[in-house]
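Mind looking at a prediction? Sequence and model below.
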Amino acid sequence: GRMDIGCVYDAFESATYTLEPLIDEEVFLVTAPDIWDGAIDEHGIAEEALGIARLAELPLVMTSSRGAQALHQKVGNAYGIQLNVVATLNSLPQIVEMVSRGSAFAVLGHGAVHRQVSQKRLALVRIENSALSRTAYLVRRRSRHPSTAVSIVENLARSILFETVDRYGIQGAVAGPASG
C-alpha cells in the first residue's frame, strides 16, 4: 500500500490496480552479429526473418522473471514448440555478455539492447509470422487518486519514453500521445 505508481510488463487487469499501456515492443531473437549467417542492415536488424521452427533449435538464455516465463509459454502455446532454454540468468548485462560472445541467443525487445545493437555488438532478427510482443504498463492503485506529484511523474515518464523510442529508433509503439 506504500507504492503510488509503478511499471510492469505483461500484467493483467485486477480489481486492485489500474493498468495503462506505455509501450508495446516487438520481440526479436538477439544474436552476436558475427555468428549470424544472414545479412544485417545498417540498423542492426537481420534482412531475413527467422522461422519459428528454427527458433526452437537455438540455445536460448532467458531470465527467470514471470515475463520471460510467460513469453516462453506464449510461444509454446501459439506455435506448438518448446524453446531450448540452456541458461536462466537474472541479470540483463550477463545475458547481453553471453549473447555477444556467441554462447547463446536471447529473445528480447529492442529497448533492452538498443545500445549494444547501435554499437554493433548485437543484432536483432525478426521472428517470422510472429505476433510476439511485450507490453509495459503504468500501474496505480485503484483506491488511491493520483496526487499532483504522481501525475507529473507519470507525464514525465511518458515523455521520456516517447523521446527514447524516437531518438534511438526502438522497435515499439508508444501508447498514447507524449505529454510534456
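Received, thanks. As the structure is a prediction and not an experimental result, all values here were calculated from the model.

make it CA atoms for all contacts and neighbour counts henceforth
Noted.

got the contact list for the strand ranked longest in the chain?
Longest strand in the chain, counting residues (DSSP state E): strand 17-31. Residues from elsewhere that reach strand 17-31, judged by CA atoms under 8 Å, 6 or more residues apart in numbering: 11-13, 99-100, 102, 104-111, 122-127, 131-142, 158, 171-176.

Summarise which helices and strands the helix or strand following it is packed against.
Going down the chain from strand 17-31, the next helix or strand is helix 52-57, by DSSP states H and E. If you count contacts as 3 or more CA pairs under 8 Å, 6 or more residues apart in numbering; DSSP states H and E, helix 52-57 packs onto no helix or strand.

what's next to the next helix or strand after helix 52-57, contact-wise?
Sequence order places strand 59-62 as the next helix or strand after helix 52-57, per DSSP H and E. Strand 59-62 is contacted by residues 68, 83-90, 95, 104-107 when judged by CA under 8 Å, 6+ apart.

What of stretch 89-98?
With CA under 8 Å, 6+ apart as the test, stretch 89-98 has contacts from Val61, Met62, Thr63, Ser64, Ser65, Ala104, Ala106, Val113.

How far away from the center of its chain is that stretch?
Centre-to-centre, stretch 89-98 and its host chain are 14 Å apart (CA atoms, centre = their mean, to the nearest Å).

Could you pull out the buried residues of it?
Neighbour-count burial for stretch 89-98, counted by 16 or more other CA atoms under 10 Å, picks out Ile95, Val96, Glu97, Met98.

Which helix or strand lies directly C-terminal to the helix or strand containing the second one?
The one in question is Val96. Element membership of Val96 [criterion: DSSP H and E] is helix 92-100. Counting by DSSP H and E, the element after helix 92-100 in chain order, helix or strand, is strand 106-109.

average pLDDT across that following strand?
The average pLDDT within strand 106-109 is 90.

Repeat that for stretch 151-169.
86.

Could you report the neighbour count for Val174?
21 (other CA atoms under 10 Å).

Was I right to think it contacts Phe162?
Yes: with contact defined as CA atoms under 8 Å, Val174 reaches Phe162; the gap is 6.4 Å.

which one is the residue most central in space within the chain nearest to, not counting chain neighbours?
Nearest to the mean C-alpha position of the chain, by CA atoms, centre = their mean, lies Gly109 at 2.9 Å. Take Gly109 and drop its neighbours on the chain: the residue closest to it by CA to CA, 6 or more residues apart in numbering is Val27, 4.5 Å away.
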